Structure formats: C-alpha cells, structure tokens
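1. Quick one: sequence plus predicted model below, questions after.
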Amino acid sequence: MTEEGASGATGMRTDRCGELRLGDAGRLVAICGWVARRREHGEHLAFLDVRDHTGVVQCVVHSGVEVRNEFVVRVTGTVRARPEGTANAELATGEVEVGDCEVEVLNPAEPPPFPVTDRVDADEGLRLRHRSVDLRRDRMQRNLRIRGAVNRALRAAMDRQGFTEVETPMLWVPTPEGSREFVVPARLKPGSFYALPQSPQIAKQLLMVGGVDRYFQIARCLRDEDLRADRQFEFMQLDIEASFVTQDDVLGFVSAAVLDAAEAATGTRPEEIPRLTWTDAMERFGTDKPDLRFALELVELTPVFAGTGFNAFKAPCVKGILVPGGAAEHGRGRLDALTDRAKQLGAKGLVWLKVGDGGTVDSPVAKFLSDEERAATVAALGASPGDLALLVADERPRVLSVLGTLRNDLGRPPVSEGPYRYVWITEFPLFEGTDDAGNPVAAHHAFTMPHPDDLDLLATDPLSVRSQSYDLVLNGWELGSGSIRIHQADVQAKVFDTLGIDAEEAEARFGFLLGAFRYGAPPHGGFAVGIDRLVAILAGEDNIREVIAFPKTQSGADPLTEAPGPVPDRLLGELGIRVLPPRA
C-alpha cells in the first residue's frame, strides 16, 4: 500500500486516472495529473486526456477552459459510459469518460522539449537532459514500477529465508574486487581519503564474524569503470552473506529470490535454474556467460584431425559450430566477412564447409582433407544437407574465444528478448594467468575458497585449481557472482603465498579483516545480484539506463545536472587539494 492508500485517495483526489472502469459509472470523482492531449469537439466542448502514473482517462470539458499539453490539473466530474461506438479498446479506461467536468489548473507548463509519448523516439541526450519530462512516459513509468516490484520481491524472499537487512558504510576502505575506485577526501584528515565501496564485500564478511548469520542489503555500489549498456558508475545489487552454509545453500537462497522477482515482474515463474561448470560452459559455448536461448554449440573435432596431413589443422585444438540451413544463406561475401571477423578476434583463419547431399562437402580446403576426415567431421557435427560448418584450429583458449564470439554474432537475439534462460556457472578457476613476476592472479578475490579436491594443487599446479565461486547468467548477461570464502588461517596463508603476498603485505592490505578472523570466523559464503541488469531484462530493455531514474551517459556525464563539474577553490583549500592543470 502506498502512502495515499491502495485506492489512491488523498485530500486532492478520489481516484487515479488509469483505474476508472464501468463499475464507477455515476460516481463523482476528482482526479489529478497532466494533460496528455486536448481535442476540440464542436464549439462548446473539448476532450482532455488526463494522465498520471496509472494511465489516461478522457474528460469532457467546456472548450473555453485554457489548458495545453503537460498542464498540471485537477478535474472533478462524474464517471459515465462513453457513447455507443466511441469506446477505445486500446485504453484500460476506454469504456468510460469523466463528464460535467470542472478543471482547476494547478500549474501551467511550457511546451515540453519532446512529446511525452512512447510513439515518438527522442534523442537520448535530450531525454536525459530533461529526465523529469522523460520519466512521465508510459515506458519509463512501467520500468520504474517493475524495478519497485523486483525490489519488493527480493526483500520478501530474503526475509522469508531468515536474512536480516543490515546497512554497511558508504565511506569505507578499498575492497578486493580489483576495479578502479572512487575516492572522497577527508576534510578532518587532510591528505587522506575514503573509498566508496565497490561492494560491501569486507563489511559483510565482518558481519559473519560478528554472528549476524544471514545478512542481506539492497546495496549501492560504485566502480570507476568505462560505462556501457550493462554498466554504470553506480549500481544496485542484492548483496547477501550467510554463515555455516555450502555452495548449494547459497545458490538455493539466490535462486529463490531471483525467481520470485521474475514472477513479480512478469507474472510467470521461470523454471528452476540449471547448472554448468565453467569448463562445460567454455567448451560448449566458448564463454562463461552463455546465452542458452539458441543452439549453435561448439563441437570438439580435435580427435577427427589427430593424424591429419592438413597443416592448418595440426593444432592443439580444433572445434566447430554448425549453422543449420546456413549454406544457402551464406554466399562468398558473407563467408569472407566471417573469416575477417575470426582473424580480428585472433584466429589464424576460419575454415567453412557446406554440406551437400550424401554428406558431400564443398569447401576451399576439401581437397586437403581425406574422405575419412570429411565424413567424420559431418558425423561429429550432426550435419545435414544445406548446413554450414565453421571450424577454427589453434590453442584451445583462442579457439573457444573466437568460436564463442562467432556463435553470438550468428545466433544471439537481443538480450531483452524472451524466453528468460538462467544458468548457474560453477567451479571457476581460482587463478587467471600470471602477473609480470610470474605469480598467479586471483580470478575472483584473494578470499575465495579453493575447491576441496584441488587444495594439494596450490603448490604444484595452481592454474589448475578450481574455486568454490559461481556466477548467475541470464540471456548472456552476468547477473552477479559470489563464492564460499576462506575462513581457515592455514588455507588463507597458502593462497596468499601462491599469489606472492607475504605476511607483511597481507597485514598491510587486509589486516583488519584477518585480525577479525583470528577471533573465530565461521564458514561462510555469499553472492551479489545486479538489480539494474535483472530489471532491464525483465522490462525488455537492452540498456540499463532505461531502468534507472537518473543514469549517466556513456561518457560518465549527467546531462540533467551537468555533473561532474569544478569545485570552488575555497572548498579545495579546506580539503587540502590542489588541482593540476590539464595535460597538454
């Protein structure tokens, strides 16, 4: 229930515009909103479409009433059925109108910079510069209501599962996510700075040490990263942490909350979320963010060419994807473009094969392949006449990356297009590559628990160690990630040692957390769901800016307030800051 009550009644209005129906006929009502449209009807009457966040209703007024589009008005009148043959099936209120109206102008308005309607596309920069007008459009109202429904469902799901909502600091210390952070100067300690949290990671682990048991928060997080369709400087996430849990427990908590949110937003509950290991996802889809709405899976062909005489296929890995019916659709021009694209992605080349009747193969390299290799390739791919096969041979990571991108290029629909296909990705590598000093680099963060079966590999083969970390993916977008945390001092020491972090550096960077752990840290794990991304997909949007009330542009600017801007010298002086001249 809102502050004005479920009926919408306040001291100024009895009803909301979009909620009037035939059952209200004969009632004297008062509605408030903006004039969406004015239409003259003869000499003495005019129709006003009055809009609020619930919709539009038609009001019949004297033509002498001076109002224009976007005037703010209060209208009193009697609800009645529209005359026969004039009902509007496209409106929820299309069977009724408000007659015998008196109009009170609460505030006149200048003509808006663009029409307040979803039927007209305005430039995004103009929309963001006049965001208060843009937010009146049905699309934006709907998106923000979906966002509200998602937040309510997430909170209710966490409450139902025994979680306690706890707020954590915004003025904090650097956290171990690894992204660039925003900093805030400390006036009371010149030369010192707070870090705005990339996430509540350290705070929520301290809450576990403090015995909170199950924590959650709709948390605001900030990262100074380049902006794109699925990323803003500031973003919201459902942040959770729980003690005495396994990975399965955490995945269960998050799945329940996310499925509840999807049901609240769309009216339909998705199926239970399947799981893939990181290795399976990479081998089948070429990415750890697979879009499961379409096929085109990667097929292993390395054994087919184990003894090949074709030099291009004498590589550690050969894989392919099959495009059903793609032979006719891909002429030489499109095939050359695909080859160029593969090379841009790092491949040495791309081999294409068109499958004909009887398993015959048409390809520039067909003459270099044996009959057995051609037949085995067709069989392994499950190809039929008219299909197109695309093959890449190289080191395995490059093959997976190139074919994974080509798969998306060829088959991926817009991210917001249904159906909704969630998937859990588990068993990520604990480390990703090495740094300049030859030390492994943490793939998640330094407190991620290794897979129990791989602990012995930390000393001998660290890049093969799996972690107890996991991502949630929806339609190819990563919704969030999490892990089971290290709570044992000996395991943490082994991981730090593998990362090349000695005891002195560990104490300097993470001393307050490690110190807390010495007083009894329970086994714990957590997760964070990106609410902006989740809402965007559920709202049918491909850019999270469309579900955020006041977003930044891709350059990081806010056209509405013209932020960021300069700070007066007086304030800089109080903070002990001197601004350097721009670089030449």
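-> Okay, I see it. Numbering: from 1, shown residues only.
2. need the longest helix for the chain.
-> helix 138-160 (DSSP state H).
3. Can you name every helix or strand that it contacts?
-> Where contact means 3 or more Cβ pairs under 8 Å, 6 or more residues apart in numbering; DSSP states H and E, helix 138-160 is packed against strand 164-165, strand 214-222, strand 234-243, helix 247-266, helix 531-538. Bear in mind the C-beta positions are built from the backbone N, C-alpha and C, glycine included.
4. for the record, mean pLDDT for that helix?
-> For helix 138-160, the mean pLDDT works out to 97.
5. Use 831 as the first number from now on
-> Sounds good: first residue 831 from here, last item helix 968-990.
6. can you list the residues that contact that helix?
-> For helix 968-990, contacts defined as Cβ atoms under 8 Å, 6 or more residues apart in numbering pick out 883, 947-948, 964-965, 995, 1046, 1048, 1068, 1070, 1083, 1086-1088, 1090-1091, 1093-1095, 1359, 1361, 1364-1365, 1368-1369, 1371, 1376-1377, 1379.
7. Now list the buried members of these.
-> 883, 964-965, 1046, 1048, 1068, 1070, 1083, 1087-1088, 1090-1091, 1094-1095, 1359, 1361, 1364-1365, 1368-1369, 1371, 1376-1377 (16 or more other Cβ atoms under 10 Å).
8. domains of the protein?
-> 847-937, 969-1100+1358-1393, 1125-1241, 1258-1297+1318-1351 (automatic domain parsing).
9. how about these, which one is nearest residue 1109?
-> Residue 1109 lies closest, by Cβ to Cβ, to one member of the domains of the chain: domain 1258-1297+1318-1351, at 8.6 Å.
10. now the domains of the chain in JSON lines, with distance to residue 960?
-> As requested, these are exported to JSON lines (distance: least, Cβ to Cβ, whole Å):
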{"stretch": "domain 847-937", "distance to residue 960": "11"}
{"stretch": "domain 969-1100+1358-1393", "distance to residue 960": "8"}
{"stretch": "domain 1125-1241", "distance to residue 960": "35"}
{"stretch": "domain 1258-1297+1318-1351", "distance to residue 960": "41"}
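11. right, and those domains - which one's nearest residue 1309?
-> So among the domains of the chain, domain 969-1100+1358-1393 is nearest, using Cβ to Cβ, at 5.3 Å.
12. start to end distance for the closest one?
-> 25 Å (Cα to Cα, to the nearest Å).
13. tally of neighbours for residue 922?
-> 17 (other Cβ atoms under 10 Å).
14. again with the one 4 residues further on
-> The burial count assigned to residue 926 is 22, neighbours taken as other Cβ under 10 Å.
15. got a list of what it touches?
-> Each residue near residue 926 by Cβ under 8 Å, 6+ apart is listed here: 850-852, 854-855, 887-888, 909-912.
16. Poorly predicted segments of the stretch 981-1130 of the chain, please.
-> The model of the stretch 981-1130 of the chain has pLDDT under 70 over residues 1006-1008.
17. residue ranges with poor pLDDT in the chain?
-> 831-837, 1006-1008.
18. Counting by contacts, list what the helix or strand encompassing residue 1149 packs against.
-> Under the criterion of DSSP states H and E, residue 1149 resides in strand 1147-1153. When contacts are defined as 3+ Cβ pairs under 8 Å, 6+ apart, strand 1147-1153 packs onto strand 1129-1130, helix 1201-1211, strand 1218-1224, helix 1226-1241.
19. Direction included, what does the third one pair against?
-> Which is strand 1218-1224. Note on strand 1218-1224: by DSSP bridges, its sheet partners are strand 1147-1153 (antiparallel), strand 1181-1185 (antiparallel).
20. which residues make contact with it from outside it?
-> Here strand 1218-1224 makes contact (Cβ under 8 Å, 6+ apart) with 1131, 1135, 1142-1153, 1155-1157, 1159-1160, 1168, 1172, 1176-1185, 1207-1208, 1211, 1213, 1228-1229, 1232-1233, 1236.
21. quick one: it to helix 1226-1241, angle?
-> 160 degrees (axes from the mean of the first three to the mean of the last three Cα atoms, to 10 degrees).
22. Next, the angle from strand 1218-1224 to helix 1201-1211.
-> 110 degrees.
23. before we move on, what about the last one?
-> Helix 1226-1241 and helix 1201-1211 are oriented at 60 degrees to each other (the same axes, to 10 degrees).
24. starting at the chain centroid, how far to helix 1226-1241?
-> 21 Å (Cα atoms, centre = their mean, to the nearest Å).
25. for it, packing partners?
-> helix 1108-1115, strand 1147-1153, helix 1162-1174, strand 1218-1224.
26. could I get those as JSON lines with distance to residue 1272 and mean neighbour count?
-> What follows is the helices and strands packed on helix 1226-1241, written out as JSON lines (distance: least, Cβ to Cβ, whole Å; neighbours: other Cβ atoms under 10 Å):
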{"stretch": "helix 1108-1115", "distance to residue 1272": "15", "mean neighbour count": "19"}
{"stretch": "strand 1147-1153", "distance to residue 1272": "26", "mean neighbour count": "23"}
{"stretch": "helix 1162-1174", "distance to residue 1272": "30", "mean neighbour count": "14"}
{"stretch": "strand 1218-1224", "distance to residue 1272": "27", "mean neighbour count": "25"}
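27. closest to residue 1102 out of those?
-> helix 1108-1115 (17.8 Å).
28. Now do that closest one: everything it contacts.
-> With Cβ under 8 Å, 6+ apart, helix 1108-1115 has contacts from 1106, 1117-1118, 1120-1121, 1127-1128, 1130, 1230, 1234, 1237, 1253, 1255-1259, 1296.
29. Mind jotting down where the helices sit in the stretch 1181-1330 of the chain?
-> Under the criterion DSSP state H, counting those that start in this stretch, the stretch 1181-1330 of the chain contains helices at 1201-1211, 1226-1241, 1287-1290, 1319-1329.
30. Does residue 1017 touch residue 1403 like I think?
-> No. Assessed by Cβ atoms under 8 Å, residue 1017 is found out of contact with residue 1403, at 10.7 Å.
31. Buried ones in the biggest strand by length in the chain, by neighbour count?
-> Using DSSP state E to define each element, the chain has its longest strand at strand 858-871. Under the neighbour-count criterion of 16+ other Cβ under 10 Å, strand 858-871 has 859-866, 868 buried.
32. could you dump those residues to CSV with distance to residue 971?
-> What follows is the buried residues of strand 858-871, written out as CSV (distance: Cβ to Cβ, whole Å):
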residue, distance to residue 971
859, 21
860, 21
861, 16
862, 15
863, 12
864, 12
865, 16
866, 12
868, 21
